[in-house]
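Q: give me coordinates for this.
(2 chains)
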Amino acid sequence: MEKKKQEGERKWPELKNAEIGSVVTRVAPEPNGYPTLGHAKGLLVPFIYARIYKGKFLLRFEDTNPRVEKREFYDAIREEFKALLEGAERELGLSPGKWDEEIIESNYLPQMYSMAERLIEQEDAYVCTCDAKKVRRLRAEGVECEHRRNPKERNMELWKEMINGGIPEGGAHLRLKTDMNHPNRTMRDPGIFRIVEAEHPIQGRKYRVYPTYDFSISVMDSLTGVTHAFRSKEFEPHVEVQRTILEKLNLRKYEMIQFGRVTVEGVPLSKRYIRPLIESGILQGWDDPRIPTLRGLFRRGITPEAISRFFYDLGPSKVDSTISMDAIAAYNRKILDSVVPRYMFVPDPVRAVVENFPEGLKATVQVHPSRHDMGYREIKVPAKKGVAVLYIAGEDKKTLKEGDVIRLRGLSTAVVRSIMPDEISLKHISEKKESEKVIQWVPADQAVPVKVIKPLSSYSISLVGGFGEPAMKELRPGDMIHLIRYGFARVDSLDRTVNLIFSHE
RNA sequence: GCUCCGGUGGUGUAGCCCGGUCAAGCAUGGAGGCCUCUCGAGCCUCAGACCCGGGUUCAAAUCCCGGCCGGAGCACCA
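A: This is a model prediction of the structure:
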């Protein structure tokens, strides 16, 4: 499918110190949950820059806190990121739509250990055995503790004990020696390694000492050749810490770039909010269409293309932005509209008996109103003694009164004869009239039972039942469709009914 | 409290580093019209913004100073 991609493209701001062909960026997720819409900017911004500059894009698992990380999350991140990047390639023409290399940070632990030892050797780091509360207090007050003055031999001894298990979790941590009076409090002797007694999803029980974020990110970015490291704005005060680490270890420097956070109006993105809803059974799982996890969104029929285009237009700005699901739906609608087949669906059906119905009259409906190449479907409507039985939507029935002329889409023009509580009586007329109301319908004898699930909030869904036209029984899970005068939907499953999840209007 | 970062139409942004071409571009949303056997999409038209106050300058969205507002961080999490 050819897309018009070239004209009117907005340009992203230039990167500092960037040359075509030599830019390396990365996304560095922690495998501690299912990725949400909140992760999309963190993925797409570095990816887009890597492709604009024809450079390299890395996926790095930042797995240095085994307490919260799980194997399944690595896979979930790979799957969702893959889908999104492939969507970005199709929609934005940024190729290849995948990461060039995958890096598991925990595999670099031995290297990081030796760097830690170098810092101890240089007297740029010391083991502190104060408890966490005291450390926090002293950092706030800008007061040095006694461990700071320990000789390097003593520090090395304690460090080895941390590694060998001689010190329990929480009993000691390695701190960078900077300045306990630094105005930026994150700079006051930050912790760089600590003990975590938990099984690591990849390394198992091999290690018990893990680096903290500031240490691992600076070392890893430098070691893996990253030239432009993106992270969200909350890390701004850490830039100074990370630069200091690079300097003390004499490692290659790179650009550190912060971008603003994205919040979705009325939609909580945090795992902290979502997890209890899943554990309590209110949500079915991490792919529940009510929540903004990427898989939830995909299941709901929000396409990777729409999400990539949306974040492309959003740009890499440093300002925090509040977006709405409606805006994402608008992007999705535009992408889907030109490619998705149309079907007639009647929610809350009511029988419509059409008299004077010609023998052999059948409907020819276009699969897509502006795309003849997508073909036509025929719907045969049997008539017994000049009477055909159809279903129309309950909502449409409500708006009709006796004498109205309606157009049964693609089939017949009819006049309303009478309206009963559970049925409406129509009469086929041959002449076409102007400005008649066009409604959708389904032949009663071939009506396909359809259920439409509409996500309403993270707690609620609504269920709408009705009948679809005969061709709907050919649908397969994953198909995206448009229900005429109703909205876009994705086929979720098929059993005795066709089960759809409503995307948006 | 301290440190840092932002503040351009309803929303999201470009421009700011290297002042003029910006009487501010784009997208989305809004209004109106055309088209349409969908209340969708498409096409056309319209309305809509440089946080405030000083200063520098022939000239400021862009530079400087002061204020106001918003966000983030101040963990042995990332």
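Q: next secondary structure after the helix or strand harbouring A:Ile257?
A: If you go by DSSP states H and E, A:Ile257 is part of strand A:255-259. Using DSSP H and E, the helix or strand that follows strand A:255-259 in sequence is strand A:262-264.
Q: can you pull the contacts of A:Ile245?
A: Listed by C-beta atoms under 8 Å, 6 or more residues apart in numbering, the contact partners of A:Ile245 are A:Leu176, A:Ile192, A:Asp214, A:Phe215, A:Ser218, A:Val219, A:Leu251. Placement of C-beta: from N, CA and C, glycine included.
Q: could you turn the buried ones of those residues into a ChimeraX selection?
A: A single ChimeraX command is used to select the members of the contacts of A:Ile245 judged buried by 16 or more other C-beta atoms under 10 Å:
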select /A:176,192,214,215,218,219
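Q: which among the contacts of A:Ile245 gets closest to A:Arg51?
A: Nearest to A:Arg51 among the contacts of A:Ile245, counting by C-beta to C-beta, is A:Ser218 at 24.9 Å.
Q: and the closest one, how far is that from RNA strand B?
A: Per C-beta to the nearest atom of the strand, to the nearest Å, A:Ser218 is found 12 Å from RNA strand B.
Q: what about the nearest residue to A:Met220 once chain neighbours are set aside, how many neighbours?
A: Leaving aside its chain neighbours, A:Met220 sits nearest to A:Glu105 (5.7 Å; criterion: C-beta to C-beta, 6 or more residues apart in numbering). For A:Glu105, the count of nearby residues is 22 (other C-beta atoms under 10 Å).
Q: quick check, A:Arg26 in a helix?
A: No - looking at A:Arg26 with DSSP: H, G, I helix; E, B strand; the rest coil, it is strand, so not inside a helix.
Q: what does the stretch 151-300 of chain A have sitting close to RNA strand B?
A: Taking C-beta under 7 Å from any atom of the strand, the part of the stretch 151-300 of chain A that reaches RNA strand B is made up of A:169-173, A:183-186, A:191, A:194-196, A:210-213, A:217, A:233-238, A:258, A:260-261.
Q: low pLDDT regions in the stretch 401-505 of chain A?
A: Applying pLDDT under 70 to the stretch 401-505 of chain A flags the ranges A:431-435.
Q: up against RNA strand B, what does it have?
A: So the stretch 401-505 of chain A meets RNA strand B at A:Arg407, A:Arg409, A:Gly410, A:Leu411, A:Val438, A:Ile439, A:His482, A:Ile484, A:Arg485, A:Glu505 (C-beta under 7 Å from any atom of the strand).
Q: was I right to think the third one contacts A:Ala363?
A: Yes - proximity of A:Gly410 to A:Ala363 meets the contact threshold set by C-beta atoms under 8 Å, at 4.1 Å.
Q: common neighbours of these two, please.
A: Both A:Gly410 and A:Ala363 are contacted by A:Ile379, under the criterion C-beta under 8 Å, 6+ apart.
Q: circling back: which member of the residues of the stretch 401-505 of chain A next to RNA strand B is positioned nearest A:Ser270?
A: Closest to A:Ser270, out of all of these and judged by C-beta to C-beta, is A:Glu505, at 28.0 Å.
Q: give me the number of residues near A:Glu62?
A: A:Glu62 has 21 nearby residues by other C-beta under 10 Å.
Q: please name the residues that touch it.
A: A:Ala28, A:Pro29, A:Glu30, A:Pro31, A:Glu105, A:Tyr213, A:Ser216, A:Ile217, A:Met220.
Q: now do the residue nearest the centre of chain A, the pLDDT please.
A: Closest residue to the average C-alpha location of chain A: A:Leu294 at 2.7 Å, with C-alpha atoms, centre = their mean. Confidence at A:Leu294, expressed as pLDDT, is 94.
Q: residue contacts, it?
A: A:Leu294 sits next to A:Tyr34, A:Pro35, A:Thr36, A:Leu37, A:His39, A:Ala40, A:Glu80, A:Ala83, A:Leu84, A:Ile307 when contact means C-beta under 8 Å, 6+ apart.
Q: A:Asp287 now?
A: Each residue near A:Asp287 by C-beta under 8 Å, 6+ apart is listed here: A:Thr293, A:Arg295, A:Gly296, A:Phe298, A:Arg299.
Q: mind running it again at 10 Å?
A: With contact set as C-beta atoms under 10 Å, 6 or more residues apart in numbering, A:Asp287 has these partners: A:Tyr34, A:Ala76, A:Thr293, A:Leu294, A:Arg295, A:Gly296, A:Leu297, A:Phe298, A:Arg299, A:Arg300.
Q: quick check on the fourth one: phi, psi?
A: With angles defined as degrees, to the nearest 10, A:Leu294 sits at phi -60, psi -40.
Q: RNA strand B: which of the contacts of A:Leu294 is nearest?
A: Lowest distance from RNA strand B to the contacts of A:Leu294 (C-beta to the nearest atom of the strand) belongs to A:His39, with 10.7 Å.
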